[in-house]
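With the sequence up front, the predicted model follows.
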Amino acid sequence: MRHKRELLIVAKSWAETRTPLSNRLNGLLWPRYAGIAPFLMTGDKSLMNFASDNATGASPKVLKAITEANEGAALPYGSDPWSARATAALAAIFERDCEVFLVASGTAANALALASISPPWGAIFCHADAHVADDECGAPEFYSGGAKLVGIQGTRGKIPMQGLAAALKAYPRGLVKQVQPSALSLTQATEAGTVYSLDEIRDLCEGAHAAGVRVHMDGARFANALVALGCSPAEMTWKAGVDVLSFGATKNGTLFCEAVVFFDRALAADFAFRRKRAGHTLSKGRYLGAQMLAYLDGGHWLDLATHANAMAKRLADRLGHVPGVRLPWAPQINEVFPVIPRRAEAPLRAAGARFYDWGGRGLAPGEDLAADEMQLRLVTSFMTTQAEIDDLVRILAAA
């Protein structure tokens, strides 16, 4: 009988803690994610997802490739033919013989890439709001053995040349009491949905290289930025001076697949060991290779990004006609950051719209939020429909 009572107590305790799980998650997530947890846990198809392109599934073409790769046996740990062909495909689109390593997450790609170009006593320069600084739970510092991320302020998510110059001056090489300048990480596209021009990338790379600093590009939304610029992958990376790239694919149609691409092959000398030691060498690596092959095949990745960008432009165009809504800057990729009346938040959420409160990040001086305003981050994807956009705008206009 005593054991039965104990079992009931345990079951009751589990139920009580299970029920408000989304509420507890809200308290743990960074403030800008508040209110999103219930959506993230339901996967309700009736909801309008503008929260993240990570909330979408994989493209049917990628899923089919995974299923096809599942037939039969293949050598493990990336020694399979799919991974070899994916490496060759990436070398082809970048028009360069390069070292390619597939991983399952963007955090792994960024952290391990940065650890390859910065010692534990190194300074890694990045934008103050960069994903590597704000959203990776210290992974770059951990995998580098203690390197310091140095944030540089800049409007609309971009690092200005004068900001980089000031940061390099603040960390002179050879001063033993300070970390040593080692790496510059550029996010393309930025956390504000803006895109560095080719000239801006080239100038920043030249400034970094002149100071003996290697350049990493966080390309979580690489395809979206590439479509926006209308240039080649080579022009946006190694031809502009980028040494190593985190090539993102998960946000744009794969299930779980990213690539670390070293344009300077010497920098990759120990990366295979770093990846294995970090637990990111998948035993069944063929599933990464199959995803990447399908993603790149026939320009599929560019088609997906083109749709996502087009949906963001449509959304911005429609929002521009809603009274009380302002767009501090025009979207360049698949992210829109409108400022709306705060009273509209509740009706939007009640109707099933999901988005992040961005809190004014990226606003320039003079664009500050009024007491009755809030800034949203609205993200479109390759799965976004015109109907979703029209519904969101209709609800907002009526609020």
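Yes, it's here.

And the helices in the stretch 1-150 of the chain?
2-18, 21-28, 37-42, 60-69, 81-93, 106-117, 131-134, 139-143 (DSSP state H, counting those that start in this stretch).

er, the stretch 151-300 of the chain actually
Per DSSP H, counting those that start in this stretch, the stretch 151-300 of the chain carries helices over the ranges 161-170, 198-210, 222-229, 233-236, 271-277, 286-296, 300-319.

Show me what the first one is packed against.
Based on contacts counted as 3 or more CB pairs under 8 Å, 6 or more residues apart in numbering; DSSP states H and E, the elements that helix 161-170 packs against are strand 122-127, strand 148-152, helix 198-210. The way it works is simple: take the backbone N, C-alpha and C, and place the C-beta from them, glycine included.

Spatially, what comes nearest to residue 193 if we skip its sequence neighbours?
residue 335 (3.3 Å; CB to CB, 6 or more residues apart in numbering).

which stretches of the stretch 1-150 of the chain have low pLDDT?
Along the stretch 1-150 of the chain, segments meeting pLDDT under 70 span 1-46.

try 50
Applying pLDDT under 50 to the stretch 1-150 of the chain picks out residues 1-42.

what sits against the residue nearest to residue 193?
Residue 335 makes contacts with 189, 192, 193, 312, 377, 378, 379, 380, as judged by CB atoms under 8 Å, 6 or more residues apart in numbering.

Inside strands: which ones of those?
Judged by DSSP state E, these include 377, 378, 379 as members of strands.

The first one contacts residue 362, doesn't it?
No - applying CB atoms under 8 Å as the test, residue 377 and residue 362 come out as separate, 9.2 Å apart.

Let me have the helices of the stretch 151-300 of the chain in JSON lines, extended by mean neighbour count, mean pLDDT and distance to residue 369.
Output for these, formatted as JSON lines (neighbours: other CB atoms under 10 Å; pLDDT from 0 to 100; distance: least, CB to CB, whole Å):
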{"stretch": "helix 161-170", "mean neighbour count": "15", "mean pLDDT": "98", "distance to residue 369": "24"}
{"stretch": "helix 198-210", "mean neighbour count": "17", "mean pLDDT": "98", "distance to residue 369": "27"}
{"stretch": "helix 222-229", "mean neighbour count": "25", "mean pLDDT": "98", "distance to residue 369": "26"}
{"stretch": "helix 233-236", "mean neighbour count": "19", "mean pLDDT": "98", "distance to residue 369": "33"}
{"stretch": "helix 271-277", "mean neighbour count": "15", "mean pLDDT": "97", "distance to residue 369": "42"}
{"stretch": "helix 286-296", "mean neighbour count": "26", "mean pLDDT": "98", "distance to residue 369": "38"}
{"stretch": "helix 300-319", "mean neighbour count": "21", "mean pLDDT": "98", "distance to residue 369": "16"}
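
is it possible to export those to TSV including distance to residue 355?
Putting the helices of the stretch 151-300 of the chain into TSV (distance: least, CB to CB, whole Å) gives the following:
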stretch	distance to residue 355
helix 161-170	29
helix 198-210	29
helix 222-229	18
helix 233-236	29
helix 271-277	35
helix 286-296	26
helix 300-319	11
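
Between these, which one is closest to residue 245.
Closest to residue 245 of those, according to CB to CB: helix 222-229, at 7.5 Å.

next one: that closest one to chain centre, how far?
Counting by CA atoms, centre = their mean, to the nearest Å, helix 222-229 is centred 13 Å from the centre of its parent chain.
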